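Visitor: Give me a model of this one.
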Amino acid sequence: MFLYFTEPLRAMGHEVETFDHYAAGGRFGALRGAEVLVKQIQDGGYDVVFYQTSGSEPIEVSLLEPLAAKRLIVAWNSDDDWQWESSTKHLARNFSFMITTYPDIYEANRRSYPNLLLSQWGCYPRYADFSRTKHIEFSFVGQIYGARNQACRFLRKKVGLRYFGLGARLAALGLPHIRGIFRFPWLAGRPVAFAQVHEIWNRSRISYTPLGSGLNEKMLQVKGRAFEMGLSGTLMLCEASPDLERYYDLDREFVAFHDLEDCAEKARFYLRNETERGRIARGYRDRTLAEHLWEHRFAQIFREIGVRNTTC
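Guide: Take a look at the predicted model:
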């Protein structure tokens, strides 16, 4: 998130400064950490302030509410609005605008919360390499928890899925995910470094792309990876999702499955048919370049909040 909310803005010609609200909360406590942020905003002369929410805030965000009436302070909810009802909606009053990446949350709440905006994750192209030789047939990189553990083990058995990241070693041993197991990375498997995640996408012909939330695998989200790997040359294979079809065209720019058997069958098909796989991967890349870079996201946000030249 540090890269996504700094480098694309600088590439657009904006001046950017950062404030780590987690570090401030840990160092000073929630109240004092918020006071430090408020002072920086007051003294900094910023046109826009972006604040990443988590639903469990490290600082007392209610202190931002009076300032948000005078300055543009914009909350970014990441993919955390599975907790909208219990948490994030109660934060909205503290910000000038709040951005959700959930189309259903936006449609259901935009009238009750007129400061609610819909935006989306984007692609940061620095680490992408479309032309990289695809040595990995079918892969997943990320956290392997809950039902994802079972799905990865199933797809490994059926079609040779290779998986990388936190929880990968546990799955490779044929063991189910156990709550709290990530505290023992020597058993669960360790996280993959940011640049290496992109390297795996760059080298993969097909990327398994589960969209289920950590809370409930049947609750589909538009995950950041759907955009982040868009320039890698991989084929995105994910659950059928009307929300994702707002951004990419089914069977032209990505492929959807309905269950794990269908996922395995489609992976086999596209591994046997490189021409078709390459056609969809190119469509995925072209649409991402045209519409889904982080620069596109910020340009849209700035238009909606009525800002042109900005210091963030």
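
Visitor: how about the nearest residue to the most centrally placed residue in the chain, chain neighbours excluded?
Guide: Central residue of the chain (CA atoms, centre = their mean): residue 224, 2.3 Å from the mean position. Spatial nearest neighbour of residue 224, excluding adjacent residues (CB to CB, 6 or more residues apart in numbering): residue 121 at 3.9 Å. (C-beta placed from N, C-alpha, C; glycine too.)

Visitor: Secondary structure class of the one you found, three-state.
Guide: The local conformation at residue 121, judged by DSSP: H, G, I helix; E, B strand; the rest coil, is coil.

Visitor: State the pLDDT value of it.
Guide: Note for residue 121: predicted pLDDT of 97.

Visitor: Neighbours of it, how many?
Guide: By other CB atoms under 10 Å, 21 other residues sit near residue 121.

Visitor: quick one: the helices in the stretch 201-312 of the chain?
Guide: All helices of the stretch 201-312 of the chain, identified by DSSP state H, counting those that start in this stretch, fall at 225-228, 260-272, 274-291, 294-305.

Visitor: Go through those helices and pick out the most buried.
Guide: helix 225-228 (a mean of 24; mean count of other CB atoms under 10 Å).

Visitor: Please enumerate residues in contact with that helix?
Guide: 120-124, 142, 198, 201, 207, 209, 211, 236, 238, 244, 247-248, 254, 288, 292 (CB atoms under 8 Å, 6 or more residues apart in numbering).

Visitor: related to what we said a few turns ago, mind checking the helices of the stretch 201-312 of the chain for the one nearest to residue 136?
Guide: If you check each of these against residue 136 by CB to CB, helix 260-272 wins as the nearest, at 11.0 Å.

Visitor: ok, residues contacting that closest one?
Guide: For helix 260-272, the surrounding residues in contact (CB under 8 Å, 6+ apart) are 137-138, 151, 154-155, 158-159, 161, 205-206, 208, 235, 237, 255, 257, 276-277, 280.

Visitor: Buried ones from these, can you make that a ChimeraX selection?
Guide: Buried members of these, defined by 16 or more other CB atoms under 10 Å, are picked up in ChimeraX with:
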select :137,138,151,155,159,161,205,206,208,235,237,255,257,277,280
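
Visitor: okay, which residue of the chain is out on the far edge from center?
Guide: residue 43 (31.5 Å).

Visitor: name the element it belongs to?
Guide: Assigned by DSSP states H and E, residue 43 belongs to helix 30-44.

Visitor: List the residues that contact the residue nearest to the centre of the chain.
Guide: Counted by CB under 8 Å, 6+ apart, residue 224 has contacts 78-79, 121.

Visitor: Number of residues surrounding residue 69?
Guide: 9.
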